[in-house]
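In: Predicted model and sequence follow; I will ask about them next.
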Amino acid sequence: MSTDAIVLLKEDHKEIRRLFREFQQAGEEATARKGHLVDQIIEALTVHTYIENEVMYPRVRELLPDLEDDVLESYEEHHVADLLVVELAALKPSSERFDAKTTVLIENVTHHIEEEEQEWFPKVREGLGRKALQEIGEEMLAAKKKAPKRPSQPSALKKTVDAIIS
């Protein structure tokens, strides 16, 4: 198994896209199936954003200061996805907004993945090289073992989410 950080992130992206496709193909009447898929999506995104936020982005900021703006944009895109994930985690699959909120999450995350893979990853690979990416990948694998599988929901955010979904 490769420890290249970009290879590891692309593997996560592939799994996340697969879950998105399954959700989109589940059909309108597949409420239980969609609920199960969204649970898997939430876990995959929570773990993935954790390792990027805790390892990949800080290391890239440190080693490639020219990519600061890209990293900051990625943090903000993660923030939007995190909010949607927290809201989705609080919804029942039978909620009238469940499918719509999942669709918005899929659209936002798909945009983020495409931007990372097409624009950001090539810059990072060129700037860091193989050895640094393998070291970062090893750090990411260690972080993945302790990563949360569900979003944390601070009390202020919980109140906001509760107000939105009620």
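Out: Alright, I've got the coordinates. Residues are numbered from 1 along each chain as shown.

In: Now do the host helix or strand of Val47: which elements does it pack against?
Out: Using DSSP states H and E, Val47 maps to helix 31-51. When contacts are defined as 3 or more C-beta pairs under 8 Å, 6 or more residues apart in numbering; DSSP states H and E, helix 31-51 packs onto helix 5-25, helix 68-90, helix 98-115, helix 121-146. For glycine as for every other residue, the C-beta is placed from the backbone atoms N, C-alpha and C.

In: ok and the first one relative to helix 121-146, angle-wise?
Out: The one in question is helix 5-25. Our comparison of helix 5-25 with helix 121-146, counting by axes from the mean of the first three to the mean of the last three C-alpha atoms, to 10 degrees, yields an angle of 80 degrees.

In: Leaving out the residues flanking it, which one is nearest to the residue most central in space within the chain?
Out: Residue closest to the average C-alpha location in the chain (C-alpha atoms, centre = their mean): Leu45, at 3.6 Å. Using C-beta to C-beta, 6 or more residues apart in numbering and skipping residues adjacent in sequence, the residue nearest Leu45 is Val85, 5.7 Å away.

In: Cross-check the contact I'm expecting between that neighbour and Ile42.
Out: Yes. The pair Val85 and Ile42 qualifies as a contact (C-beta atoms under 8 Å) at a distance of 5.4 Å.
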